[in-house]
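# Here is a sequence together with a model predicted from it:
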Amino acid sequence: MSKIYYTLTDEAPMLATHSFLPIIKAFTKSAGIEIEVPDISLAGRILANFPEYLNDKQKTPDALAELGELATKPEANIIKLPNISASVPQLEEAIAELQKQGYNLPNYPAEPRTDEEKAINKKYAKALGSAVNPVLREGNSDRRAPKAVKNYAKANPHRMGVWASDSKTSVAHMNGGDFYGTENSTTVEAEGKFRIVFYGNDGISKVLKDFAPLRAGEVLDSSVMSLSALKSFVKDAIAEAKEKDILLSAHLKATMMKISDPIIFGAIVEVYFKDVFEKYADTFAELDINPNFGLATLFEKISGHAKEGEIKADIEKTIANSAKIAMVNSDKGITNFHVSSDVIVDASMAALVRGGGKMWNKDGTEEDAVCIIPDRTYAGFYDAIVQDMKRNGEIDPKTFGSVPNVGLMAQKAEEYGSHDKTFQMPESGTVKIEDENGKVLLEQSVQQGDIFRACQTKDAPIRDWVKLAVNRARLSDTPAIFWLDKDRAHDSQIIAKVEKYLQDHDLSGLDIRIMDVKDAMTETLKRAREGKDTISVSGNVLRDYLTDMFPILELGTSAKMLSIVPLMNGGGLFETGAGGSAPKHIEQFLHEGYLRWDSLGEFLALQASFEHLAQTQNNPKAQILADALDEANAKFLATDKSPARKVGGIDNRGSHFYLAMYWAEALAKQTADAELAEKFAPVAKAMQENEAKINEELLAAQGKPQEIDGYYHPNTEKTYAAMRPSATLNAIVDGI
């Protein structure tokens, strides 16, 4: 029996699963494929970490740990839907919801003081941020727009905002004292161990991270963000936005860089509201207000306080006299400074570029903006695309080429694997990374408040990444550019390895280059504007940024990308696009029974998953399912059955119906397997004959609030009932 692990996650993708999963199970049974549904939602991750607080009925297996183990085995076939990369406010909301449902969980101690609080905080930290991805990603990433999707986007181009050559929009970044400027890096020769130790100027030392393994050949980095340099830079960026009379916005990755970026966000908030934080220092200390949690938490904590009105008035006065802040939600008055995880750089900057360089002001009108991206490591690539748009105008999706990506991410490569090696300095001194013999591998001088970060990139993933890039370039006959900056300490070590491992491959007839990040962006855009494709080969963080930026320009969304992770031990991980819009969609569904989530990413991943099963487990029926699904996907796009924009049109449930009907039609007419054709001919016929009735039943379910008893941990039966409202369709599917 072949197995596919189809993950249960959060928000809109979780809702969509309750509609699509019964269809998948019904169609795959006939091919000897079993579907398992491990729960790796935020609520599931929380419950798995606290068995001692739960009764036997409530205990939840640690599905993430089990999947992590599976990912290292050749039989792994995992379809991963987007999940919440939880910020602290989201974690606290999820805990409160679970407590309300009768789960006796402890509260989250944001600033733990006792040993017990520290232990609880450490357990909850396992669910924070993008806890899922590093565990499952035992391979490098291969992301591209499937041909059917690209052709559809060219024939039905999405709207692009107009770029003016005199646009005032700019990217503001530091010119010193950032991670880029302070980074040092080394390639470790022999296997061993390392630890990170802080040595204070007062002679006191503290082990920040105790001995952990180092593999031969891995690249080890350290870098520091100077808090004083950061604050001085923010002050200048505020002045620039005020002088230009345009919006000011912060763009960070506080979900993935869950230690460093909330601190950087807090520094931005604190500098902007300097007068308020100074005037109310005692009140804020009494209320335990931390700028890292943004204005939303600040407003929560001052609620009902004697000085609430006075503080709010001073905040309004600061905003009126300083640079205008970009808005996340103008209608609700939610600014860019409310919550660190509200403005995720990869999605927000891609939306800005697509929108003509604009963000929203408090009146709901678009304006140019100064975009604060403090660290130069990736700010330069965003600056390059902004400059290109000013010079050459917005792109035309009808003629624009494609930019697939091969990303280095296996085994927690690069910065995204740095959480357990990132610390804010309690005082001034030196941080040293030492081996087990006391030899100093890297060191950094630090001041109080600075952020120290170390990260590792193992050798085997780099070798695999180079191989994947060469294979993709040859298979698709497309030039490939490694985006690596020789002036960055880490990248210079990686360049040496790339040059070495490229020699292991036959490169005849291939165009493979290594280019600085800014130059790679300019060259890739130039080619794409000429209608040419270029593979971007990048490190882990840049992979994330590029696979939002280019799909959003090419297709209007990153959710329609095919994202395959060929696991290093032979298995396959199939990711289903980005979940940036998932919170908006679930809120709309709960409010008016309409789910706008587009499951095309799931359809594409499922097709690739079947192909992988067919190839690795010699399952010919899986290949027939894959070919028929491919045909169904093309028809789904050609007939435009993706969810419409608002109530009264086809929603996610309707799109699942049409996909199922087209899939059954394709299976019924294929000639490779008579048994499958015979099984699905009556299914296709029943769906065709009942099309109008099914649509009527699906549309009748729209327009009213949905009760599913939870946002993070809804009631399963109620969710299935809400997501499967057509009795006619259910009878056909369940009867297969």
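All right, it came through fine.
# By mean pLDDT, flag the weakest helix or strand of the chain.
helix 132-136 (a mean of 79; mean pLDDT, DSSP states H and E).
# Determine how far that helix lies from the middle of the whole chain.
Chain-centre distance of helix 132-136: 11 Å, with CA atoms, centre = their mean, to the nearest Å.
# packing partners for it?
Other helices and strands packing on helix 132-136, by 3 or more CB pairs under 8 Å, 6 or more residues apart in numbering; DSSP states H and E, are helix 63-70, strand 77-80. All C-beta spots, glycine's among them, are computed from the backbone N, C-alpha and C.
# what domains does the record give for this protein?
If you go by automatic domain parsing, the domain ranges for the chain are 180-197+211-225+414-456, 226-377, 397-413+458-560.
# First-to-last residue distance for the second one?
Read it as domain 226-377. From its first residue to its last, domain 226-377 covers 15 Å (CA to CA, to the nearest Å).
# among the helices and strands packed on helix 132-136, which is nearest D236?
strand 77-80 (41.1 Å; CB to CB).
# quick one: contacts of the closest one?
By CB atoms under 8 Å, 6 or more residues apart in numbering, the residues outside strand 77-80 that reach it are 2-7, 9, 40, 67, 70-71, 132, 136, 571-576, 602, 605-606, 609, 612-613, 616.
# Narrow those residues to those in helices?
Judged by DSSP state H, helices contain the following of the contacts of strand 77-80: L67, L70, V132, L136, E602, A605, L606, S609, H612, L613, T616.
# any chance of those residues in JSON lines, with neighbour count and distance to I302 too?
Converted to JSON lines, those look like this (neighbours: other CB atoms under 10 Å; distance: CB to CB, whole Å):
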{"residue": "L67", "neighbour count": "21", "distance to I302": "42"}
{"residue": "L70", "neighbour count": "21", "distance to I302": "47"}
{"residue": "V132", "neighbour count": "23", "distance to I302": "35"}
{"residue": "L136", "neighbour count": "22", "distance to I302": "41"}
{"residue": "E602", "neighbour count": "25", "distance to I302": "43"}
{"residue": "A605", "neighbour count": "26", "distance to I302": "45"}
{"residue": "L606", "neighbour count": "26", "distance to I302": "49"}
{"residue": "S609", "neighbour count": "25", "distance to I302": "50"}
{"residue": "H612", "neighbour count": "23", "distance to I302": "54"}
{"residue": "L613", "neighbour count": "26", "distance to I302": "56"}
{"residue": "T616", "neighbour count": "17", "distance to I302": "58"}
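# Check those residues and tell me the two furthest apart.
With distances taken as CB to CB, the most widely separated pair in the ones in helices among the contacts of strand 77-80 is V132 and T616, at 23.3 Å.
# all helices for the stretch 551-700 of the chain, in order.
582-592, 600-617, 620-638, 652-669, 674-689, 691-700 (DSSP state H, counting those that start in this stretch).
# Repeat that for the stretch 351-500 of the chain.
376-392, 459-476, 489-502.
# how about those helices, which one is nearest K231?
For the helices of the stretch 351-500 of the chain, proximity to K231 was assessed by CB to CB; helix 376-392 is nearest, at 16.7 Å.
# and stretch 292-309, how far apart are its ends?
The first residue of stretch 292-309 is 22 Å away from its last residue (CA to CA).
# Show me what counts as buried in that stretch.
Residues N292, F293, G294, L295, A296, T297, L298, K301, I302 are the ones in stretch 292-309 that count as buried (16 or more other CB atoms under 10 Å).
# among those, which are in helices?
Per DSSP H, the buried residues of stretch 292-309 map to helices at G294, L295, A296, T297, L298, K301, I302.
# helix/strand/coil for A26?
Put simply, A26 is helix when judged by DSSP: H, G, I helix; E, B strand; the rest coil.
# For it, give me its contacts.
V733, D734, I736.
# Just the buried ones from those?
Neighbour counting with 16+ other CB under 10 Å marks V733, I736 as buried within these.
# Filter the contacts of A26 down to the ones in strands?
Members of these lying in strands (criterion: DSSP state E): none.
# mind putting the contacts of A26 in JSON lines, pLDDT and distance to D282 included?
Shown next, in JSON lines, are these (pLDDT from 0 to 100; distance: CB to CB, whole Å):
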{"residue": "V733", "pLDDT": "98", "distance to D282": "63"}
{"residue": "D734", "pLDDT": "97", "distance to D282": "64"}
{"residue": "I736", "pLDDT": "94", "distance to D282": "68"}
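# of the contacts of A26, closest to Y711?
Checking the contacts of A26 against Y711 by CB to CB gives V733 as the nearest, at 27.1 Å.
# which non-adjacent residue is nearest that closest one?
For V733, the nearest residue in space outside its immediate sequence neighbours is A26; the separation is 5.0 Å by CB to CB, 6 or more residues apart in numbering.
# Measure how buried the spatially closest residue to G407 that is not a sequence neighbour is and give me the count.
Nearest non-adjacent residue to G407, counting by CB to CB, 6+ apart: R543, 2.9 Å away. As a burial measure, R543 scores 25 neighbours (other CB atoms under 10 Å).
# mind checking pLDDT for R543?
For R543, the model assigns a pLDDT of 93.
# could you say what helices and strands the helix or strand encompassing it packs with?
For R543, the element it lies in under DSSP states H and E is helix 540-554. Contact here means 3+ CB pairs under 8 Å, 6+ apart; on that basis helix 540-554 packs against strand 141-144, helix 345-354, helix 376-392, strand 405-407, strand 535-538.
# and the first one, which strands flank it?
Sheet pairing of strand 141-144 (DSSP bridges) gives strand 405-407 (antiparallel), strand 562-566 (antiparallel).
# All set, thanks.
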